[in-house]
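**Q** sharing a sequence plus its predicted fold:
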Amino acid sequence: MGIPLASEARLESVNGRTPTIATLCSHSSLQIFHGARIEGFPTLGICVGSPPKFYDAFPLARPDQFLSVPTVKDLPKVTDKLREDGAIIVPHGSFVEYLGPEAFATMDVPVFGNRAVLGWESDRRKERDWLESAGVTMPKLFEDPKQIDGPVIVKYYGAKGGKGFFLAKNREALEGFHPTGPHVIQEYVLGTRYYMHFFYSPITDGGYRLREGSLELLGMDRRDEANIDELYKLGAQEELMKAGLRPTFVVTGNVPVILRESLLPRAFEVAARIVERSIDLFGGMVGPFCIEGIMTEDLEFKVFEISTRIVAGTNLFISGSPYSDLIEPGLSTGRRIAREIKRGRAEGRLAEVLS
Ligand code: AMP
């Protein structure tokens, strides 16, 4: 038996009934509702104001009912209603961002996955402690600009979509740079980016086994980022910067990618280490997560970020991916979440996958 994440009291509203899968109508909600519906769960979409009209265009993913709130911040006021409906909230990136970490952590409705992960993900220093203590390679940090020995990226804390990130090709190029707020100076890793969608189940026995439970790879994408991805068309970046044009990293879409097969063992090893360490640190990162990193020309994988819940890149694979099809044809991350809840119920182990 694994680690219980949820108390008996927290699970009271979903005991002995078919739970309703609920999430905020945004980000990857269509996929979450679609997957829940296939697995036989009723669904509830939390929306700000009127139900979004574009949902009518996707009948297989439209939730059975909507719950409207004036703003996302009002969500804690409707938790009684959510509990009445036996809701299990599936958090996604926008959900946590719009609601705020504090309100999310204390929300009195069962949530899929381990909420304790938030404290480790939202603080860049704690995230680094977690990943580095797991033996994962991350881009170097330069506390002292004098130590810079190659290209760097300056990241301001809380810079949305990398707006305000600053690139410098070497130490000299950073001379005269005056930071305008709290920031880190990080090695700019040259290579190719991969965003790997994993799923950790503490209650599954087969497949790629970990100390407890098992690990699945459900898909992989690369983010389209404006304007950096196409900036080269205007000429050398240095010249552009002189002309006052700054690179930004605003995610505008996603493209599917696959990794050279010979690199898959390394990808699994990195993911396994991160999960195993999460079990020691805070009881485990349960469910979907995404490892975001850069493969260098020496085939070294450097992780610059981890997302600890379903990422929007999984929306590429609503009807399966080149990886998930080898587990079960048509398995999306949304459906995999619903499957985990189903198994948890059937085996009396919901407390291990909800918090
Ligand atoms: P982040 O806000 O840390 O997720 O970074 C946003 C984007 O900046 C990423 O998707 C990458 O394209 C790029 N990026 C972040 N860190 C690095 C790095 N250390 N080296 C190269 N590119 C990076």
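**A** Yes, it's here.

**Q** any idea how far the lowest-mean-pLDDT helix or strand in the chain is from the middle of the chain?
**A** Least confident element among the helices and strands of the chain, by mean pLDDT, DSSP states H and E: helix 237-242 (a mean of 78). Averaged C-alpha coordinates place helix 237-242 at 33 Å from its chain's average position (C-alpha atoms, centre = their mean, to the nearest Å).

**Q** and the helix or strand following it, anywhere near the ligand?
**A** For helix 237-242, the succeeding helix or strand toward the C-terminus, using DSSP states H and E, is strand 249-256. Yes. Using C-beta under 6 Å from any ligand atom, strand 249-256 reaches the ligand at residue 249. Where you see a C-beta, it was placed from the backbone N, CA and C, and this is true even at glycine.

**Q** and the helices in the stretch 1-150 of the chain?
**A** Ranges of helices within the stretch 1-150 of the chain are 8-11, 29-38, 79-84, 93-99, 101-106, 118-121, 124-133, based on DSSP state H, counting those that start in this stretch.

**Q** for the closest residue to residue 183 other than its chain neighbours, what are its contacts?
**A** Nearest residue to residue 183, sequence neighbours excluded (C-beta to C-beta, 6 or more residues apart in numbering): residue 156, at 4.7 Å. Residue 156 is in contact with 164-165, 179-183, counting by C-beta atoms under 8 Å, 6 or more residues apart in numbering.

**Q** gap between residue 156 and residue 238?
**A** Per C-beta to C-beta, to the nearest Å, residue 156 is found 21 Å from residue 238.

**Q** got it, and residue 293?
**A** Residue 293 sits 26 Å away from residue 238, going by C-beta to C-beta.

**Q** can you list the residues of the stretch 201-350 of the chain near the ligand?
**A** Residues of the stretch 201-350 of the chain lying near the ligand (C-beta under 6 Å from any ligand atom): 223, 225, 249, 294, 304-305.

**Q** I figured residue 284 hits residue 200, correct?
**A** Yes. Using C-beta atoms under 8 Å, residue 284 is in contact with residue 200, at 7.1 Å.

**Q** what touches both of those two?
**A** With C-beta under 8 Å, 6+ apart as the test, residue 284 and residue 200 both reach residue 275.

**Q** find the residue at the geometric middle of this protein.
**A** Residue closest to the mean C-alpha point of the chain, counted by C-alpha atoms, centre = their mean, is residue 307 at 3.2 Å.

**Q** looking at residue 293 and residue 238, which one has more neighbours?
**A** residue 293 (26 against 12; other C-beta atoms under 10 Å).

**Q** can you tell me the SS state at that one?
**A** Per DSSP: H, G, I helix; E, B strand; the rest coil, the secondary structure class of residue 293 is strand.

**Q** over to residue 223?
**A** Strictly by three-state DSSP, residue 223 counts as strand.

**Q** contacting residues for the closest residue in space to it that isn't next to it in sequence?
**A** Closest residue to residue 223 in three dimensions, ignoring its sequence neighbours and counting by C-beta to C-beta, 6+ apart: residue 251, at 4.9 Å. By C-beta under 8 Å, 6+ apart, the contact list for residue 251 reads 161, 223-225, 312.

**Q** next up, phi/psi of the residue nearest to residue 183, please.
**A** Main-chain dihedrals, residue 156, degrees, to the nearest 10: phi -80, psi 140.

**Q** pull up the gap between it and the ligand, please.
**A** Taking C-beta to the nearest ligand atom, to the nearest Å as the measure, residue 156 falls 10 Å from the ligand.

**Q** swap in residue 21?
**A** As defined by C-beta to the nearest ligand atom, residue 21 lies at a distance of 28 Å from the ligand.

**Q** try residue 318
**A** Distance of residue 318 to the ligand, computed by C-beta to the nearest ligand atom: 23 Å.

**Q** ok, now residue 111?
**A** For residue 111, the distance to the ligand equals 23 Å [C-beta to the nearest ligand atom].

**Q** the longest helix in the protein is where?
**A** In the chain, taking DSSP state H as the definition, the longest helix is helix 264-282.

**Q** could I have it exported to PDB, CA atoms only?
**A** Provided in PDB are the C-alpha atoms of helix 264-282 (Å, rounded to 0.1, in the frame of the first residue of the first chain):
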ATOM      1  CA  LEU A 264      14.400   7.100 -24.400                       C
ATOM      2  CA  PRO A 265      16.200   5.100 -21.700                       C
ATOM      3  CA  ARG A 266      17.800   8.400 -20.500                       C
ATOM      4  CA  ALA A 267      14.400  10.200 -20.600                       C
ATOM      5  CA  PHE A 268      12.800   7.500 -18.400                       C
ATOM      6  CA  GLU A 269      15.800   7.500 -16.000                       C
ATOM      7  CA  VAL A 270      15.500  11.300 -15.500                       C
ATOM      8  CA  ALA A 271      11.700  11.000 -15.000                       C
ATOM      9  CA  ALA A 272      12.100   8.100 -12.600                       C
ATOM     10  CA  ARG A 273      14.700   9.900 -10.500                       C
ATOM     11  CA  ILE A 274      12.400  13.000 -10.200                       C
ATOM     12  CA  VAL A 275       9.400  10.900  -9.100                       C
ATOM     13  CA  GLU A 276      11.400   8.800  -6.600                       C
ATOM     14  CA  ARG A 277      12.800  11.900  -5.100                       C
ATOM     15  CA  SER A 278       9.300  13.500  -4.900                       C
ATOM     16  CA  ILE A 279       8.200  10.400  -2.900                       C
ATOM     17  CA  ASP A 280      10.900  11.100  -0.300                       C
ATOM     18  CA  LEU A 281      10.300  14.900  -0.200                       C
ATOM     19  CA  PHE A 282       6.600  15.200  -0.100                       C
END
